[in-house]
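Undergrad: what's the 3D shape of this:
(2 chains)
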Amino acid sequence: MKTLLKMILLMLWSAASIAAPDAQSIVQRADRARGGALPGIVWEIQLNSREGDRVAEPQRLEVRAVNDASVAEVLEPARSKGSKLLQVERNMWLTRPGLSKPIPISPRQRMSGQASNGDIAATNYALDYEAKLTGEENLDGEQCYVLDLTARHKRTTYDHIRYWVSVPREVAVKAEFYSLSGKLLKTARFEYGNTIQYEGRRIPFVSKMTIKDALMDAETTMAFGAVKVEMIPPSEFDLGQVQ
Amino acid sequence: MKDTSTNLLHDLIAALRGTRNLAYPFDMSRLLRSVRLVLKPLATVFRGALKCLFPLAAVSAFPAAYADSASHGSWDGVAYAYLGNTAPCMDSVLNPGNQIARLVEHSQTAEARFNLKAEHDQLRLALRPIVLWQQDRNTLGRQTRHEAYLSQGEAQWRMTEAWNLAAGRELLTWGPGQFRSPANPFFFDNGRSNPLRELSGLDVVKLSWTPDTRRTLSVARIASTGHFAGNVDTWRDTWLLKADRRGDAWAGGLALAKKGGQGMFVGAHLQYTLNDALLLYGELGSSTRLDALQSPPDPAQPFSIAPESGRRANELLGVTYTFMNGQSLAGEYLHHGHGFTTGERGAYFTRTASAVLPAGAATLGMALGTAPPLLGRDYLHVVWQNNPLENEGYWRLMWTHNLGDGGDELSGYGEYTLSGRTSAFALAVLPRGGVRQEFSALFSRMVTLGLKVALP
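TA: Prediction:
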């Protein structure tokens, strides 16, 4: 009798294990729709931001990114054209035509509005964060996994993220970004109007990210376009060879 | 001796045409050489213009951007117009009555800087031609100069994913230091001598190996100092070996430069991102100087010029803190081993003060033309600036303190956005101290106001 009970319990546990989705895999699949886990990706971002009633001048960037590095080049406005923000791991530099030499900057330095470098570059949350599935929620009529992401190392832009990933589409639809002290810094919503071709599969790809500041009345919208998956040589991320 | 003095004076004059303090010989020669164009026959100017004819023709012939399946190309540029005003110290002991350096008191400048880029398969071409017109005026006269030159221009061939070969005029700058760059043999002054004048590259052939985003090894042969090379081509036939490494939160590099007949330059730089807001960095360099002015502490002894100075080290330590609003505060300490000791500096000014014109012109020329890049040994430099990525404008305030003579220099640069293409800018430099203190030895005020317009 005892043996039978043990067997039933074991079968139930196994079934539960199979059914429960792996949090890290969910994040990894969601990353692909935001540029992560790809050999290299190039995209354009149209950045619009507002702080209170004040609307900032729109910015257009071209971003080239691999897992641990990115370079964002300003295309518009015309007076900033050619400025580049280079990031390799947690190291960041700013350079522009005519500047005597690149300026090292800290990760806290942001692009226009609420967009940090972590927002404009490829997302690799599966590598950078430890994911824990906390449950499921219905968000705007869509069933979503709710995950808690905790930074694995200091290189991350945020210490803690609460992440909603669509169950049927396997893409992130919402994120809340928290500071080390647990304070909510900003909230982001994602849309997926783009598609990329990778390893013979068509993958939905992020087309819009809307970031709302939690501490003040400010909003930044990033529209992603001209998305291409391509190998980017490492020299593109070498400060001495950035043209 | 007379020729040497004349050359020194010419160099000096050109060096000080800008807004700089006591000049670093290399930079001095670069700046001076730029001015030398004015004194040369018009043919020189036309020759310079011809050098730019091709890229400028390309600018006018090409649309702002083109792309087909295998090729991409684009061009853009910035047009500048600015007015400069400098107040020379008439009681200067280095430049009495502005007779030696002949600093420009009023200047009007119009300048266009272009960027041309073309890419085809594994080949890339990037050119940065500059066309400049400037009218200078001081109590001694007026002169107009024209320049057209290639500030930077390089062809890159990506031989494999990891190997790149580049040839052309390249700005070989590196390291995180803002005040000065001890890790760099070519551009120690970081362009600080004349902030509105763009640094121009060296003529090089460079082979680079970049196996991943974390490592780069480059070897380069410098063929010429570039546009500003003069009669003495400072960096001609120099070998450079550069290794760079980027870690999780740090980046560093080592540079070795060797020119025949001169001791090897050894430089290193490192930066460490301590956390989201704090950046720590440092640079160091060990080198000798050619034609180095010697100022014995005993003022009774004359100046002399050593063909090559002893080996000295320059070190810079810095820290930058970025606030939540994007503004940042940076502090740097520089120890400049090539500078004078207190006794040598005192004797330097005593000797120049006793040089009476016209007989003393050679002494003053030597004192200015071959002095170390900075007169002192220890400096503090503080920079407070807003987010350089900010769209609405940019400002930067700087304070530099010479720990040896107690002199200061305050400077500020501001840029205000007028439209998507246009911005207004202003630069002011205010030295504080006496005529025997480094920063205030030559001028008491410098102001520049201008406009810049993005092209096309």
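Undergrad: okay, which residue is most central for chain A?
TA: Most central in chain A under Cα atoms, centre = their mean is residue A:123, positioned 3.4 Å from the mean C-alpha point.
Undergrad: cool, chain B as well?
TA: residue B:191 (2.6 Å).
Undergrad: Next up, the contacts around that one.
TA: The neighbours of residue B:191, taking Cβ atoms under 8 Å, 6 or more residues apart in numbering or on different chains as the test, are A:100-101, B:197-199. Backbone N, C-alpha and C define where each C-beta goes, glycine included.
Undergrad: again, 10 Å this time
TA: The contact partners of residue B:191, by Cβ atoms under 10 Å, 6 or more residues apart in numbering or on different chains, come to A:98-101, B:27, B:171, B:173, B:181, B:197-199.
Undergrad: Now the phi/psi pair for it, please.
TA: phi 80, psi 10 (degrees, to the nearest 10).
Undergrad: Tell me the predicted confidence for it.
TA: Per-residue pLDDT puts residue B:191 at 75.
Undergrad: now do residue A:154
TA: 70.
Undergrad: In a strand, it, correct?
TA: No. Residue A:154 sits outside any strand when classified using DSSP: H, G, I helix; E, B strand; the rest coil, being coil.
Undergrad: that older thread, point out the ones among the contacts of residue B:191 that are inside strands.
TA: Members of those lying in strands (criterion: DSSP state E): none.
Undergrad: Include distance to residue A:89 when you put these into TSV, please.
TA: Shown next, in TSV, are these (distance: Cβ to Cβ, whole Å):
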residue	distance to residue A:89
A:98	27
A:99	22
A:100	25
A:101	20
B:27	34
B:171	25
B:173	22
B:181	23
B:197	34
B:198	30
B:199	28
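Undergrad: lowest-pLDDT helix or strand in chain A?
TA: helix A:2-19 (a mean of 55; mean pLDDT, DSSP states H and E).
Undergrad: Revised request: answer the last question for chain B.
TA: helix B:25-39 (a mean of 35).
Undergrad: what residues are up against the residue nearest to the centre of chain A?
TA: So residue A:123 contacts A:27, A:30-37, A:65, A:172, A:175, A:190, A:206, A:209 (Cβ under 10 Å, 6+ apart).
Undergrad: how near is it to residue B:361?
TA: 66 Å (Cβ to Cβ, to the nearest Å).
Undergrad: how about low-confidence regions in the chain?
TA: Went with chain A since none was named. A:1-20, A:110-115, A:117-118, A:121-122, A:155, A:243 (pLDDT under 70).
Undergrad: hmm, I had chain B in mind actually
TA: B:1-70, B:193.
Undergrad: Tell me where it has helices.
TA: Taking DSSP state H, the helices of chain B run over residues B:2-15, B:25-39, B:42-61, B:342-353, B:361-369.
Undergrad: Equivalent analysis for chain A, please.
TA: Counting by DSSP H, the helices of chain A are A:2-19, A:23-32, A:117-120, A:125-128.
Undergrad: can you tell me which residues contact residue 71?
TA: Unless you meant another one, I'm taking chain A. By Cβ under 10 Å, 6+ apart, the neighbours of residue A:71 are A:61-65, A:84-88, A:93, A:95, A:121, A:232, A:236-237, A:239, A:242.
Undergrad: wait, chain B
TA: B:118-121, B:123.
Undergrad: Can you add distance to chain A and neighbour count and give those back as a markdown table?
TA: Formatted as a markdown table, those follow (distance: Cβ to the nearest Cβ, whole Å; neighbours: other Cβ atoms under 10 Å in any protein chain shown):
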| residue | distance to chain A | neighbour count |
| --- | --- | --- |
| B:118 | 11 | 18 |
| B:119 | 10 | 17 |
| B:120 | 14 | 12 |
| B:121 | 13 | 9 |
| B:123 | 12 | 12 |
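Undergrad: Which members of those residues are the farthest-apart pair?
TA: Taking Cβ to Cβ, the two most distant members of these are B:118 and B:121; they sit 11.4 Å apart.
Undergrad: Tell me which of the contacts of residue A:123 fall in strands.
TA: Those of those lying in strands (DSSP E): A:65, A:172, A:175, A:190, A:209.
Undergrad: Apart from its neighbours in sequence, what residue is nearest the second one?
TA: In space, residue A:172 comes closest to residue A:30 once its chain neighbours are excluded; the distance is 4.5 Å by Cβ to Cβ, 6 or more residues apart in numbering or on different chains.
Undergrad: For residue A:165, see how far away that neighbour is.
TA: Residue A:30 is 5 Å from residue A:165, by Cβ to Cβ.
Undergrad: Quick check: neighbours shared by those two?
TA: Contacts common to residue A:30 and residue A:165, judged by Cβ under 10 Å, 6+ apart, are A:131, A:145, A:147, A:171-173, A:175.
Undergrad: between the residues you listed, which has the most around it?
TA: Neighbour counts for the shared contacts of residue A:30 and residue A:165 (other Cβ atoms under 10 Å in any protein chain shown) peak at residue A:172, which has 29 neighbours.
Undergrad: hey, what's it bridged with?
TA: residue A:165 (DSSP bridges).
Undergrad: Could you turn the buried ones of the contacts of residue A:71 into a PyMOL selection?
TA: Of the contacts of residue A:71, the buried ones can be selected in PyMOL as follows, counting by 16 or more other Cβ atoms under 10 Å in any protein chain shown:
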select buried, chain A and resi 61+63+64+65+84+85+86+87+88+93+95+121+232+236+237+239
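Undergrad: filter the contacts of residue A:71 down to the ones close to chain B.
TA: A:85, A:87-88, A:93, A:95, A:232, A:236-237, A:239 (Cβ under 10 Å from any Cβ of the partner chain).
Undergrad: Give me the subset of those residues that lies in strands.
TA: Per DSSP E, the ones next to chain B among the contacts of residue A:71 map to strands at A:85, A:87-88, A:93, A:95.
Undergrad: Out of those residues, flag the one nearest to chain B.
TA: residue A:88 (4.7 Å; Cβ to the nearest Cβ).
Undergrad: Quick check: that closest one touching residue A:235?
TA: No. Applying Cβ atoms under 10 Å as the test, residue A:88 and residue A:235 come out as separate, 11.9 Å apart.
Undergrad: any common contacting residues for the two?
TA: Shared contacts of residue A:88 and residue A:235, counting by Cβ under 10 Å, 6+ apart, come down to residue B:213.
Undergrad: check contacts around the nearest residue to residue B:236 once chain neighbours are set aside.
TA: Leaving aside its sequence neighbours, residue B:236 sits nearest to residue B:224 (Cβ to Cβ, 6+ apart; 5.4 Å). With contact taken as Cβ under 10 Å, 6+ apart, residue B:224 is in contact with B:169, B:202-204, B:233-238.
Undergrad: how about 6 Å then?
TA: B:203, B:233, B:236 (Cβ atoms under 6 Å, 6 or more residues apart in numbering or on different chains).
Undergrad: Who wins on neighbours among those residues?
TA: Of the contacts of residue B:224, with other Cβ under 10 Å as the count, residue B:203 tops at 22 neighbours.
Undergrad: one step back: not counting residues beside it along the chain, what's closest to the residue nearest to the centre of chain A?
TA: residue A:34 (3.8 Å).
Undergrad: Tell me, how many residues neighbour that neighbour?
TA: Residue A:34, neighbours per other Cβ under 10 Å, totals 23.
Undergrad: What distance do you get for residue A:179 to chain B?
TA: According to Cβ to the nearest Cβ, to the nearest Å, residue A:179 and chain B sit 10 Å apart.
Undergrad: Would you mind measuring from that residue to residue A:46?
TA: Counting by Cβ to Cβ, the gap from residue A:179 to residue A:46 is 28 Å.
Undergrad: So which bits of the stretch 351-456 of chain B are right by chain A?
TA: Residues of the stretch 351-456 of chain B lying near chain A by Cβ under 6 Å from any Cβ of the partner chain: B:388-389, B:391, B:420-421, B:423, B:454.
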